[in-house]
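Undergrad: Any chance you can model this:
(chains A and B)
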Amino acid sequence: MRRVLLILCIALIPLMSIAQEADTKDWVRRGIHIDGVTVYGNRPMKEIGTQQTKFDTVILKENIALSMADVLTFNSAIFVKNYGRATLSTVAFRGTSPSHTQVSWNGMKINSPMLGMTDFSMIPSYFIDDASLLHGTSSVNETGGGLGGAVKLSTKPANARGFGLQYIQGVGSFKTFDEFLRLTYGNDNWQVSTRAVYSSSPNDYKYRNHDKKVNVYDEDMNIVDQYYPIERNRSGSYKDLHILQEVYYNTGRGDKLGLNAWYINSNRELAMLTVDHGNETDFDNRQREKTFRSVLSWDHLRDDWKMGIRGGYIHTWMAYDYKRDLGNGIMANMTRSRSRINTFYAQADGEYYLGKKWLFTANLSLHQHIVVSEDKNIIRQDGNKAIVGYRKGRPELSGSLSAKWRPVDRFGVSMVIREEMFGREWTPIIPALFLDGVISKRGNVVAKASLSRNFRFPTLNDLYFLPGGNPDLKKESGWTYDAGLSFAVGKEGIYSLTGSANWFESFIKDWIIWLPTPKGFFSPENIKDVHAYGVELKGNLDVALTKEWQLGLNGTFSWTPSINTGEPRTPADKSVGKQLPYVPKLSSTVTGRLSWRRWTFLYKWCYYSERYTMSSNDISLTGKLPPYFMSNISLEKVLVFKWADLSLKGTINNLFNEEYLSVLSRPMPGINFEIFVGITPKW
Amino acid sequence: MTRLVHYILLVACLLPSSCMKWEYGLEEDFDLSASGDGLFICNEGNFQYGNATLSYYDPHTKTVQNEIFYRANAMKLGDVCQSMIIRNGIGWVVVNNSHVVFAIDINTFKEVGRITNLTSPRYIHFLSDEKAYITQIWDNRIFIVNPKRYEITGYIEIPNMTMESGSTEQMVQYGDYVYVNCWSYQNRIIKIDTKTDQVVDELVVGIQPTSLVMDCNNKLWTVTDGGYEGSPYGHESPSLYRIDAETFTIEKQFKFKFGDWPSEVQLNGTKDKLYWLNDDVWEMDVTAERVPVRPFLPYNGTLYYGLTVCPRTGDVYVADAIDYVQQGMVYRYSQSQELIDSFYVGIIPGAFCWK
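TA: Purely as a prediction, here's the structure:
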């Protein structure tokens, strides 16, 4: 595979050289654009006191093979717990669990109502035009339940004029193929876009298995030799199709209508563990998903007020099958589970500016979930068949009111109150207070602080899953505050430097954890109180080194102790006062981007400190996950022709070919390559 | 272009090198051939994380060695260590979700062989040096294996059991017959003729019999967990059953309170005393006609998960899995209920095996 890539790269070099001439003039003429610095007086009223991280288009559209899990891994301080390549990827935001991060797409919550979490490996970053993280308290502006924070994802009109087409193909290691097609049409009123991504791979990367040895026997079945085998990632193939249809209509008189519809068809095998001694061909362990999400929106904008109405629908069908060959070629079901989720969504929100100093907002959203979970087929005592599972519906209502006041340019205050109802249970009023103030005009030094209470209701599986669901669970609750400073300096067209440092602290009570029971199944309990705190640092530098050279550096660092402060579960419990398992205390990312004319070299690096696999923080020989550094690079060239723009990109992932694990028994791929060729015709 | 290359090289030189290493183990030499008694502890580990381990405890010196399989073999035991038995100096360690049974030397802990590609093995029972049964969950077959060749040689199909709800568990032998309790979404004990490898009879007990032993009077004992609330299979009060092995009939049913969770029926060395867990640790003579009023060891905030009784001294060992994501604790009590020792083992200590 590496040889094929090398040949392709050599073949592409002459093509790049030919086009270089053409685009040089254009580039010199246009120069390099570096945004000016947002001065303190231009801070949006809606963002008073909020801590958020925004991902720009360059990050989101880096390459078509990336999912939001990859974007978060290399561009934020969030820990992404990755079970392998193209497998379940969940996040720990500020040291919390995956279900403590609320995720919305065009305003609609897309966390699984059954599991509470979101699989970020199932969100192609090329489908997202705007993405931002709302840290801790800041999530209360959007939704409840984000004890760690919220991830806000949305699409937006392409601003096309006439017809447009973009096609990108990626070919990579492990017979990986990624394809992306976008068709657009636009005029003054209409913007229509169709996007499709198809990714497939046997995903059978090689690795040396350090967890297992192969025996060599003599004729009498005595072991005469043992060795660590070089294995392939067994049963890890995937085929993912995503189609996104968008239609926007802008009346030009302050009314905007939008339709977004996203279809997912995913078929993924679940790779065998490193310690699995089963024969790959005798087992089939597979998860399939078909999801349709749609949002219809209407925004009505006036000079000093606006309102929006949204309606949406999600249908998810998920299948998990674990089969084995009976020896006669027939694959029999060991486990056959199915779930269907239908979610109906409605939302109304409004904003009203009273002069330049006051902004009032109101928001009310409803998600009605209807879930059918069929986990197992059994034969009852009377001989009839039955299904172990549950059918439940639950409305989730969330409403908020806020008043934002900026009496002088240098100071702003925002007060939010939110209330939520899940099923028949209401939260107490969730208050949130946000403050910001300019400390120094020079350097645009802004201080921010916020404080909020928050609650998270148990998921439907927490309450009703059979066996083990616990209808007596209490909702989790927490207090969070944060405070920080940010600055921004720069000179239009020459450089910009921004940075921020924040301190946060959260106290979470009644944390829900699934534990095994003596009956042989897992059951959730409110057992932990958690104190999460820490520091988040962010920095960004853009420099025009010369008229043709531009350097961009982006870095994040976070220190997030997440400490169990509950009572000892038994007298022998050593977990109190210890870091939660699988949550790193330290994480950091660095992205460097060096551009010359239409060449771009990108370097991405991320770091996670050691993750404990035990709540007692003991490190055993079999439960060790040492710190984790990862480096990826890419080189891209854009070729501008009269008839089309071409882009050529080569990426190298795991640059240092590390043998590593993110989660125990789940090997990650070594060095791997992918090249992308894109074309955007001009007509 | 040349400048670009220079810049790239400059940046590449500044790249921090990676430091995470997926480490190899180091083989450690053990030799416990001189020691007498010993207790192996099967630590299940967390399902899907492959962190099952094996511990070894010397009751005389009160010392424990953890992760002995990894330390002796420089490889992992696997995912969910379910059970272990010893035959002729070889320990047979059943690792459920790794689809394997390891054979180890019980003095050096070195692997001597393995039976692979099992569906989801739970327990192994020897009929001879060249024939053993291995029960499974999520499979309606008991695997017949040749332990000498580490080969699967056949299957016993269980009547009226589907693959999906397949569950066969512990085995005890009486004459030519092996009795097996069928647990998950099952309610029966089956009887297998070892000469024909066929199920020849079955006995319906309560919902989900979890364990099976045979006492000094050739009486089988099993305890049911009664299912769970909302189960389409039913939910009832659990019971302890005494079954005559000869006639394969229920002699006595001891009913527990609805909602109780009894488990882990065990016998002492002379097989005349029965022990089980039900929040507390309970002890009863095998000839008793009613369950004792007071427990052998009352609940003291410890969540008991595993239980064994030393066949020689009668000391009772109970395992506390704590929160299931840290090293569990094993408590050792004398017959007079005095705490003799306690020691940390691996994650979720669930089963024991005496040397």
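
Undergrad: now the strands: where do they sit in the stretch 101-250 of chain B?
TA: B:111-116, B:121-128, B:131-136, B:141-146, B:151-157, B:171-174, B:177-182, B:188-193, B:198-204, B:209-214, B:219-224, B:239-244, B:249-255 (DSSP state E, counting those that start in this stretch).

Undergrad: If you could redo that for the stretch 401-550 of chain A, that was the one I meant.
TA: A:411-422, A:425-426, A:430-440, A:445-456, A:476-491, A:495-516, A:522-544, A:549-559.

Undergrad: Which of these has the highest mean neighbour count?
TA: Comparing the strands of the stretch 401-550 of chain A by mean neighbour count (mean count of other C-beta atoms under 10 Å in any protein chain shown), strand A:445-456 ranks first with a mean of 22. C-beta coordinates here come from the backbone N, C-alpha and C atoms, glycine included.

Undergrad: And for the closest residue to residue A:383 other than its chain neighbours, the neighbour number?
TA: Excluding its sequence neighbours, the residue lying closest to residue A:383 (C-beta to C-beta, 6 or more residues apart in numbering or on different chains) is residue B:160, at 7.8 Å. Residues near residue B:160, counting by other C-beta atoms under 10 Å in any protein chain shown, number 13.

Undergrad: Isn't residue B:160 up against residue A:381?
TA: No: assessed by C-beta atoms under 8 Å, residue B:160 is found out of contact with residue A:381, at 10.8 Å.

Undergrad: The host helix or strand of residue B:329 close to chain A?
TA: Using DSSP states H and E, residue B:329 sits in strand B:327-333. Yes: Strand B:327-333 is in contact with chain A by C-beta under 8 Å from any C-beta of the partner chain, via B:327, B:328, B:329.

Undergrad: Got the confidence number for the nearest residue to the last one once chain neighbours are set aside?
TA: Okay, so that is residue B:329. The shortest distance from residue B:329 to any non-neighbouring residue, by C-beta to C-beta, 6+ apart, is to residue A:572 (3.7 Å). For residue A:572, the model assigns a pLDDT of 93.

Undergrad: remind me which residues of chain A are low pLDDT?
TA: Chain A contains residues with pLDDT under 70 at A:1-42.

Undergrad: can you give me the helices for it?
TA: Using DSSP state H, the helices of chain A run over A:2-30, A:57-60, A:68-75, A:460-464.

Undergrad: List the beta-bridge partners for residue B:181.
TA: residue B:189 (DSSP bridges).

Undergrad: Tally up the residues packed near it, please.
TA: There are 31 residues near residue B:181, going by other C-beta under 10 Å.

Undergrad: Contact partners for it?
TA: Residues near residue B:181 by C-beta atoms under 8 Å, 6 or more residues apart in numbering or on different chains: B:168, B:169, B:170, B:188, B:189, B:209, B:210, B:211, B:212, B:222.

Undergrad: Kindly recompute the last result at 7 Å.
TA: Going by C-beta atoms under 7 Å, 6 or more residues apart in numbering or on different chains, residue B:181 touches B:169, B:170, B:189, B:209, B:211, B:212, B:222.

Undergrad: Could you do residue B:170 as well?
TA: By C-beta under 7 Å, 6+ apart, residue B:170 lies in contact with B:123, B:181, B:211, B:212.

Undergrad: Filter these down to the buried ones, ChimeraX style.
TA: For the buried members of the contacts of residue B:170, the matching ChimeraX selection, counting by 16 or more other C-beta atoms under 10 Å in any protein chain shown, is:
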select /B:123,181,211,212
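
Undergrad: Let me know the distance separating residue A:88 from chain B.
TA: 11 Å (C-beta to the nearest C-beta, to the nearest Å).

Undergrad: element containing the residue nearest in space to the middle of chain B, please.
TA: Of all residues in chain B, the one closest to the mean position by C-alpha atoms, centre = their mean is residue B:83, 3.0 Å from it. According to DSSP H and E, residue B:83 maps onto strand B:81-87.

Undergrad: Toward the C-terminus from that strand, list the very next helix or strand.
TA: strand B:90-95.

Undergrad: State the paired neighbours of that following strand in the sheet, together with their directions.
TA: In the sheet, strand B:90-95 lines up with strand B:81-87 (antiparallel), strand B:100-105 (antiparallel) (DSSP bridges).

Undergrad: Show the average pLDDT along that strand.
TA: Mean predicted confidence for strand B:90-95 is 98.

Undergrad: Now it: buried residues?
TA: Buried-residue list, strand B:90-95, by 16+ other C-beta under 10 Å: B:91, B:92, B:93, B:94, B:95.

Undergrad: Spell out which parts of the stretch 151-300 of chain B neighbour chain A.
TA: Counting by C-beta under 7 Å from any C-beta of the partner chain, the residues of the stretch 151-300 of chain B close to chain A are B:162-165, B:185, B:187, B:225, B:228, B:230-234, B:261, B:263, B:277.

Undergrad: out of these, which are buried?
TA: Buried among these by 16+ other C-beta under 10 Å: B:162-165, B:185, B:187, B:225, B:228, B:230-234, B:261, B:263, B:277.

Undergrad: Looking at those, which one is closest to residue A:596?
TA: Nearest to residue A:596 among those is residue B:164, at 60.5 Å by C-beta to C-beta.

Undergrad: Quick one: residues contacting that closest one.
TA: A:333, A:334, A:335, A:336, A:376, A:377, B:138.

Undergrad: give the contact list for the last one.
TA: So the one you mean is residue B:138. A:334, A:335, B:119, B:120, B:163, B:164, B:166.

Undergrad: Residue ranges in chain B under the pLDDT threshold?
TA: B:1-21.

Undergrad: make it 50
TA: B:1, B:4, B:8-9, B:11-14, B:17-18 (pLDDT under 50).

Undergrad: Identify the spatial nearest neighbour of residue A:365, chain neighbours not counted.
TA: Excluding the flanking residues, the one nearest residue A:365 by C-beta to C-beta, 6+ apart is residue A:347, at 4.0 Å.

Undergrad: Quick check: bridge partners of the closest residue to residue B:267 other than its chain neighbours?
TA: Nearest residue to residue B:267 in three dimensions, chain neighbours excluded: residue B:213, at 5.1 Å (C-beta to C-beta, 6+ apart). For residue B:213, the beta-bridge partners under DSSP bridges are residue B:221.

Undergrad: where's residue B:213 relative to residue B:286, distance?
TA: Distance, residue B:213 to residue B:286, using C-beta to C-beta, to the nearest Å: 10 Å.

Undergrad: do the same with residue A:187
TA: Counting by C-beta to C-beta, the gap from residue A:187 to residue B:286 is 89 Å.

Undergrad: more crowded one of those two?
TA: residue B:286 (19 against 11).

Undergrad: quick one: contacts of the strand holding residue B:329?
TA: A:572, A:614, A:616, A:618, B:41, B:43, B:297, B:315-322, B:339-349.

Undergrad: same thing but 8 Å
TA: Residues outside strand B:327-333 that contact it (C-beta under 8 Å, 6+ apart) are A:570, A:572, A:574, A:614, A:616, A:618, A:620, B:41, B:43, B:57, B:59, B:66, B:297, B:302, B:305-306, B:315-322, B:339-349.

Undergrad: go on, stretch B:29-36?
TA: B:38, B:56, B:58, B:60, B:65, B:68, B:71, B:72, B:106, B:107, B:108, B:109.

Undergrad: how about a cut-off of 10 Å?
TA: For stretch B:29-36, contacts defined as C-beta atoms under 10 Å, 6 or more residues apart in numbering or on different chains pick out B:38, B:56, B:58-61, B:65, B:68, B:71-72, B:89, B:105-110, B:312, B:355.

Undergrad: related to what we said a few turns ago, may I see the contacts of residue B:138 arranged in CSV, with distance to residue A:129 as well?
TA: Compiled in CSV, those are given as follows (distance: C-beta to C-beta, whole Å):
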residue, distance to residue A:129
A:334, 42
A:335, 39
B:119, 47
B:120, 46
B:163, 47
B:164, 44
B:166, 50
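
Undergrad: For ChimeraX, what selects the buried ones among those?
TA: Entered in ChimeraX, the line below selects the buried ones among the contacts of residue B:138, by 16+ other C-beta under 10 Å:
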select /A:334 /B:119,120,163,164,166
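
Undergrad: Thanks a lot, see you next time.
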